[in-house]
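Visitor: Sequence and computational prediction follow.
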Amino acid sequence: MSRFRLSSFFLLIFLLLGTSLNVQAAKSAKNLPPVYKHWIEAEVPYIISAEEKKDFLALTTDAERDSFIESFWRIRNPQPGAETNPYKQEHYRRLAYANETFGTRKFEDGWRTDRGRMYIVLGEPKQRAQYHDPANLRPMEIWFYQADTPALPPYFYLLFYKRSATEDFQLYSPTNDGPVRLCSTGESRNDPVMALSIIRKFAGDEVAKTAVTLLPNENVDFRSFEPSMESDSLLNKISNLPDDPITKQRLEENRIREKVTTSIFLGDNDSTLSYSTFRDDRGRATLSYLLNMKFIDARLVGTRKDGSPYYDLTLRSDIATRDGKFVYTQEDQLTGNLNPAQAEVARKKRFGAEARLPLAPGNYNLTATLTNNVNKIAIRQTAAVTVPAIANPSLALSPLLAYSKPAGIPDPKNQLPFSGSHYRFTPLGAQNVYIRQGERLSLVFQLWLDPKTTTAAAPEKIHLHYVFGSITASHDSPTQEDEDVDANNRDQAGNLLTGRTLDTSSLLPGAYKVVVSATREGEHKTAYATLNLHVAPYENYIDTWTAYGPTDPAAEALDDLKRGMSAEALHADDEATTDYRRSLAAGTPEMRTLDMLTALLARKGDTDQLAALNQLPMLTRVAATPSTLLAIAGALNKTGNPKAAARMLEAQTALQPPNVELYNALADAYIASGNTNRANEVRALATNLKK
């Protein structure tokens, strides 16, 4: 039996199972009380995911349904914990507008129309052009959008048209409809080129281009054209937006957030946040931060049923650009067992939570939320953080990090918080540091120099000058210390880890400033780094214990993915492309990285690089998202390599459930390759799947 006959057999089973499931779902919806039936069918059908709908229909009591609906809106609220929900308010505004504008007001059925559906999902278009009475053309409307989600292209059009005077506007597909459908004159029948010339004559080139592609950055040859596959991929993404991987990822992150925000929050003044940045020997930056509780909280230590002490905390890090654009969310589980002696000590110390965040150079807003899973008490702190941009400097300094003993533990892969140049340090703080009167202050930092190329015959001296003293008016002179280090010891990226322990034992309780300056011998440029030092009376000082989460086996790939996401959020597309490629080359398949890189290259219109992604070995082993595959296949067809598109899609259709779009794309690749028989077989599979 051939592969495609086998596929048809399994497809039949799949369709039968799917029909059975749909019937069961329909019965469940049909038997719902009216208020819940209306909610699932008329209020949220375009924004609820398939999994959520299945879960809702499986509920058996009204109390469970009410709780589900409350949670449904809460996880979509952009202002967690607030009394109002802008997302919900905007959704019902769109729903009301759609019912009033696009349907029959009496029946409130505007949500059923294509224009109503797009308005509910995407909101008000940036521009709307109406062509309701053009000669020789059917009534049309063109809406222009700027997407607010990375799941969609940044800019796109939607075209609606009327087939007849009695029908409502329907959504236009360049592939399934084509320019012929937009013409009302008979001379263009079955002649797309003639139809396009009529559209150009009576509506203009922009409308004609939109009839071929819904993407503004695609070029169109009016004399010889093919409908845009990317346009149909766009329409499919919009229709399936609730189930898009990016949408589902954000909702999952929000569900975690919901768990956190149901906790009892202490005030912002109950914690402090300080951070430091180190670079590795490939020039990649990582920001580590310390969220310190100001007071002792013995409740951090819990007791298991067997009487053994433990701690269990969740540290959530939300990263956004300064203008509020989401970058990524990271969650670290801080858990561990304690013996009775350790538990007794921990209950008498303050707690500090550590996290490391791979980021591209730039300015960000960081929100850190620490939840004690033992008693659901949480603290939250927000800070503006900066990862310095260092482009082959002659000399710069990283932020100063104060640390406690031990003086540096080897960390070969730099995967732990506060690791620099393969050594991990236990942090006391960075921008603001608190020490006990009479203690010494241990500092560590990196010198950021030009990359190392050759080993110099003579030492390259860096003069370091340390100054610390009172920041208030005082007759006491600040303490000063000097040190020279050899720049030849820097790594290939130009990083040199150094530091010093300062004798601050003579400082009285109060506030002080520490300034470190660095000057390269023979140069006049001086680099500086500072921190604020607070000396507490011996009897008032409280020690701190810290914890951090475990490392991920795929840490290197995930690190570069996060750096790429942050670079893209900052509009540094070239840096993002480099980071995504590093992530893919790390050896651990990460389909999110492939999705992000594909979307970025498609947005930039980089067809050659997009087509080259088909050579990734992971595409022969791991199922990729259909939108990513369609984008790569489209690029391969554009570059004249449909056979490579067919090979890639053949491998992928064997790795994932049947998909109409993938079958049609595979059929198109077969036709372009001259394999009509195979194309007809696959097209039949797609047709059967639609039934």
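Guide: That came through, no problem. Numbers count the residues shown, from 1 in each chain.

Visitor: Make sure residue 464 is indeed in a strand.
Guide: Yes: judged by DSSP: H, G, I helix; E, B strand; the rest coil, residue 464 forms part of a strand.

Visitor: Give me the distance between it and residue 421.
Guide: Separation of residue 464 from residue 421 (Cβ to Cβ, to the nearest Å): 16 Å. (Glycine included, C-beta is placed from N, CA and C.)

Visitor: can you pull the pLDDT of residue 62?
Guide: In this prediction, residue 62 carries a pLDDT score of 89.

Visitor: doesn't residue 32 make contact with it?
Guide: No: with contact defined as Cβ atoms under 8 Å, residue 62 does not count as touching residue 32 (9.7 Å).

Visitor: So between the two, which is more surrounded?
Guide: residue 32 (19 against 12; other Cβ atoms under 10 Å).

Visitor: Please enumerate the strands of the stretch 1-150 of the chain.
Guide: 127-131, 140-146 (DSSP state E, counting those that start in this stretch).

Visitor: quick one: contacts of the longest one?
Guide: Strand 140-146 is touched from outside by 115, 118, 122, 125-132, 134, 154-162, 169, 172, 182, 203, 207, 210, with contacts defined as Cβ atoms under 8 Å, 6 or more residues apart in numbering.

Visitor: Tell me the helix or strand right after it.
Guide: Remark: after strand 140-146, the chain's next helix or strand is strand 155-161, criterion DSSP states H and E.

Visitor: C-alpha coordinates for that following strand, PDB please?
Guide: Output of strand 155-161 as PDB, limited to C-alpha atoms (Å, rounded to 0.1, in the frame of the first residue of the first chain):
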ATOM      1  CA  TYR A 155       1.600  45.200   8.700                       C
ATOM      2  CA  PHE A 156      -1.100  43.700   6.600                       C
ATOM      3  CA  TYR A 157      -4.300  44.300   4.700                       C
ATOM      4  CA  LEU A 158      -7.700  42.600   4.800                       C
ATOM      5  CA  LEU A 159     -10.000  42.700   1.800                       C
ATOM      6  CA  PHE A 160     -13.800  42.100   2.000                       C
ATOM      7  CA  TYR A 161     -16.100  41.900  -1.100                       C
END
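
Visitor: so what strands line up beside it?
Guide: strand 140-146 (antiparallel), strand 170-171 (antiparallel) (DSSP bridges).

Visitor: Which helix or strand contains the residue lying closest to residue 619 once chain neighbours are set aside?
Guide: When the adjacent residues along the chain are set aside, residue 619 lies closest to residue 648, with 5.8 Å between them (Cβ to Cβ, 6 or more residues apart in numbering). Using DSSP H and E, residue 648 falls within helix 642-653.

Visitor: any idea how far the following helix or strand past that helix is from the chain center?
Guide: Sequence-wise, the next helix or strand downstream of helix 642-653 (DSSP H and E) is helix 660-672. Distance of helix 660-672 from its chain centroid, counting by Cα atoms, centre = their mean, to the nearest Å, is 30 Å.

Visitor: And the residue nearest the centre of this structure?
Guide: When Cα atoms, centre = their mean is applied to the chain, the residue found nearest the centroid is residue 328 (4.4 Å).

Visitor: Could you pull up the contacting residues of that residue?
Guide: Residue 328 touches 319, 562, 565, 566, counting by Cβ under 8 Å, 6+ apart.

Visitor: These in helices, which ones?
Guide: The helices, defined by DSSP state H, take in 562, 565, 566 from the contacts of residue 328.

Visitor: who wins for neighbours among those residues?
Guide: Neighbour-wise, these (other Cβ under 10 Å) top out at residue 566, 28 neighbours.

Visitor: Kindly provide the distance from it to residue 46.
Guide: Counting by Cβ to Cβ, the gap from residue 566 to residue 46 is 31 Å.

Visitor: what sits against the closest residue in space to residue 184 that isn't next to it in sequence?
Guide: Nearest residue to residue 184 in three dimensions, chain neighbours excluded: residue 138, at 5.3 Å (Cβ to Cβ, 6+ apart). Contacts of residue 138 were listed using Cβ under 8 Å, 6+ apart, and they are 161, 162, 163, 181, 182, 183, 184.

Visitor: Drop anything exposed from those residues.
Guide: Buried members of those, counted by 16 or more other Cβ atoms under 10 Å: 161, 162, 181, 182, 183, 184.

Visitor: Kindly indicate which of those lies nearest residue 435.
Guide: residue 161 (72.5 Å; Cβ to Cβ).

Visitor: Was I right to think the closest one contacts residue 182?
Guide: Yes: at 5.6 Å, residue 161 and residue 182 qualify as touching, with contact defined as Cβ under 8 Å.

Visitor: anything in contact with each of the two?
Guide: With Cβ under 8 Å, 6+ apart, residue 161 and residue 182 have common neighbours 138, 140, 172.

Visitor: beta partners for the nearest residue to the last one once chain neighbours are set aside?
Guide: The one in question is residue 172. With Cβ to Cβ, 6+ apart as the measure, residue 159 is the residue that lies nearest to residue 172, at 4.0 Å, once sequence neighbours are left out. Beta-bridge partners for residue 159, by DSSP bridges, are residue 142.

Visitor: And residue 383, by the same measure?
Guide: Beta-bridge partners, per DSSP bridges, of residue 383: residue 366.

Visitor: what residues are up against it?
Guide: 273, 275, 289, 365, 366, 368.

Visitor: ok, and the most crowded of the residues you listed?
Guide: residue 289 (27 neighbours).

Visitor: Next, it: secondary structure please.
Guide: strand.

Visitor: gap between it and residue 366?
Guide: Taking Cβ to Cβ, one finds residue 289 at 7 Å from residue 366.

Visitor: what residues are shared contacts of the two?
Guide: 273, 275, 317, 357, 383, 385.

Visitor: quick check, nearest of the residues you listed to residue 337?
Guide: Using Cβ to Cβ, the shared contacts of residue 289 and residue 366 come closest to residue 337 at residue 317, 24.6 Å.

Visitor: list the contacts for that closest one?
Guide: Contacts of residue 317 by Cβ under 8 Å, 6+ apart are 289, 329, 330, 331, 332, 355, 357, 366, 367, 368.

Visitor: What about those residues, which are in strands?
Guide: 289, 329, 330, 331, 332, 355, 357, 366, 367, 368 (DSSP state E).

Visitor: Quick check, the first one in contact with residue 277.
Guide: No: if you go by Cβ under 8 Å, residue 289 and residue 277 don't touch, sitting 9.8 Å apart.

Visitor: Name the SS class of the nearest residue to residue 290 once chain neighbours are set aside, please.
Guide: Nearest non-adjacent residue to residue 290, counting by Cβ to Cβ, 6+ apart: residue 427, 4.7 Å away. Look at residue 427: counting by three-state DSSP, its state is strand.

Visitor: beta partners for residue 427?
Guide: residue 403.

Visitor: show me the contacts for it.
Guide: 274, 276, 288, 290, 352, 354, 401-404, 417-418, 546 are the contacts of residue 427 under Cβ under 8 Å, 6+ apart.

Visitor: Throw the residues you listed into JSON lines and include neighbour count, pLDDT and distance to residue 231, thanks.
Guide: Converted to JSON lines, the contacts of residue 427 look like this (neighbours: other Cβ atoms under 10 Å; pLDDT from 0 to 100; distance: Cβ to Cβ, whole Å):
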{"residue": "274", "neighbour count": "24", "pLDDT": "95", "distance to residue 231": "49"}
{"residue": "276", "neighbour count": "27", "pLDDT": "96", "distance to residue 231": "47"}
{"residue": "288", "neighbour count": "24", "pLDDT": "98", "distance to residue 231": "45"}
{"residue": "290", "neighbour count": "25", "pLDDT": "97", "distance to residue 231": "49"}
{"residue": "352", "neighbour count": "23", "pLDDT": "95", "distance to residue 231": "52"}
{"residue": "354", "neighbour count": "21", "pLDDT": "97", "distance to residue 231": "47"}
{"residue": "401", "neighbour count": "28", "pLDDT": "97", "distance to residue 231": "52"}
{"residue": "402", "neighbour count": "24", "pLDDT": "97", "distance to residue 231": "56"}
{"residue": "403", "neighbour count": "23", "pLDDT": "96", "distance to residue 231": "56"}
{"residue": "404", "neighbour count": "15", "pLDDT": "93", "distance to residue 231": "59"}
{"residue": "417", "neighbour count": "25", "pLDDT": "97", "distance to residue 231": "46"}
{"residue": "418", "neighbour count": "26", "pLDDT": "97", "distance to residue 231": "49"}
{"residue": "546", "neighbour count": "20", "pLDDT": "95", "distance to residue 231": "53"}
